[in-house]
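>>> pasting a predicted model and its sequence here:
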Protein chains: 2
Amino acid sequence: MVAISDAEAQVMEVLWERSPQSTDDIALVLVKRQDWQLATIKTLLNRLLNKGAISAVQEGRRYSYTAVLQRTEWLAGQSTDLIDRVFGGRVAPLVAHFSQQRKLKPADIAALKALIKALERD
Amino acid sequence: MVAISDAEAQVMEVLWERSPQSTDDIALVLVKRQDWQLATIKTLLNRLLNKGAISAVQEGRRYSYTAVLQRTEWLAGQSTDLIDRVFGGRVAPLVAHFSQQRKLKPADIAALKALIKALERD
DNA sequence: GCCTCGTGTTTACATCTGTAATCAAGGAGC
DNA sequence: GCTCCTTGATTACAGATGTAAACACGAGGC
């Protein structure tokens, strides 16, 4: 339900790797990874707070941030969104398209097979 | 390379079904499908024109629009982008997430199986 | 006790998007 | 020929987004 933007997702990635983290833990990573100003990161943290995607605990005069929105939850949202929007809600066309675009490795095919087997079981 | 927004993609869908089409061919479809005002559709057509995603040929005092950006090209952009950004370039996790979220129909599973069989063959 | 610096909060601002209304010019009808 | 309607072009406007600067306040150094 919580929708986050691309830039915000970059901040979440850092918190998904490890939570909680302070502003400058996060900043250390993102200043390098995204070449952002500290100010930008502060803004994004605040927007995420307002959206409820992260929570903050005060420690002295700083905050320690924790991801509330879980990565898997976000992933699920992203996938259904894409598949619905672009592939009419059906997965096969997606896989077909992708495999045309980018040869699937045997491991990928194996993963898909296993997945299907599991899906058929229930 | 040409990036189009969600609303713009809806217009493209109509042109992907059939090209060329006049403004009101397109409008007829979208007024129903999206409950948009004619004015909205005109705006989107213009933005797509400026982006070069469609082209227009004048016929009398109206235009006939044709999709320039191809559907497969767009699909590729949308899916590889997400899969790379979010799923580390592997398609299986995406399918897994989707199927958790939204039960796959037997027909979908069958389609996937057939597809994989085909992929294994070569 | 005052000044400075680190932190969070507020404000800024251009661009993109969704969604339209308004304007202008050329044909169709009278 | 003048008027009105159709159709494209221009303008509008609020909210989201990317990117950041300005501000305010408390803690630490001197």
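Thanks, I have the structure now. Numbers count the residues shown, from 1 in each chain, chains lettered A, B, ... in the order given.

>>> who are the contact partners of residue A:9?
Contacts here follow CB atoms under 8 Å, 6 or more residues apart in numbering or on different chains; on that basis residue A:9 touches residue A:74. (C-beta placed from N, C-alpha, C; glycine too.)

>>> so for residue A:59, what pLDDT did the model give?
Reported pLDDT at residue A:59 in the predicted model: 86.

>>> return the residues of chain A in contact with DNA strand D.
Residues of chain A lying close to DNA strand D (CB under 7 Å from any atom of the strand) are A:3, A:5-8, A:34, A:36-37, A:39-40, A:42-44, A:60-61.

>>> ok, 10 Å please
Residues of chain A lying near DNA strand D by CB under 10 Å from any atom of the strand: A:3-11, A:30-31, A:34-44, A:46-47, A:51, A:60-62.

>>> of those, buried ones?
A:4, A:8-11, A:30, A:36, A:40-41, A:44, A:47, A:51 (16 or more other CB atoms under 10 Å in any protein chain shown).

>>> by how many degrees do the helix or strand hosting residue A:77 and helix B:71-87 diverge?
With secondary structure defined by DSSP states H and E, residue A:77 is part of helix A:71-87. If you take axes from the mean of the first three to the mean of the last three CA atoms, to 10 degrees, helix A:71-87 sits at 180 degrees to helix B:71-87.

>>> next SSE after helix A:71-87?
By DSSP H and E, the next helix or strand past helix A:71-87 is helix A:91-101.

>>> list the buried ones in that following helix?
So for helix A:91-101, counting by 16+ other CB under 10 Å, buried means A:91-99.

>>> which residues of chain A lie near chain B?
Counting by CB under 8 Å from any CB of the partner chain, chain A comes close to chain B at A:72, A:75-76, A:78-80, A:82-83, A:85-87, A:89-92, A:94-99, A:101-102, A:104, A:108-109, A:111-113, A:115-116, A:119-120.

>>> mind checking how far the residue located most distally from the centre of chain A is from residue B:88?
Using CA atoms, centre = their mean, the residue of chain A lying farthest from its centre is residue A:60. It sits 29.6 Å away. Separation of residue A:60 from residue B:88 (CB to CB, to the nearest Å): 37 Å.

>>> check residue A:120 too.
Applying CB to CB, the value for residue A:120 to residue B:88 is 26 Å.

>>> which one's more surrounded, these two?
Ranked by neighbour count (other CB atoms under 10 Å in any protein chain shown), residue A:120 and residue B:88 place residue A:120 first, with 12 against 8.

>>> now do the contacts for the more buried one.
Applying CB under 8 Å, 6+ apart, the residues near residue A:120 are residue B:109.

>>> pLDDT score for it?
pLDDT recorded at residue A:120 is 86.
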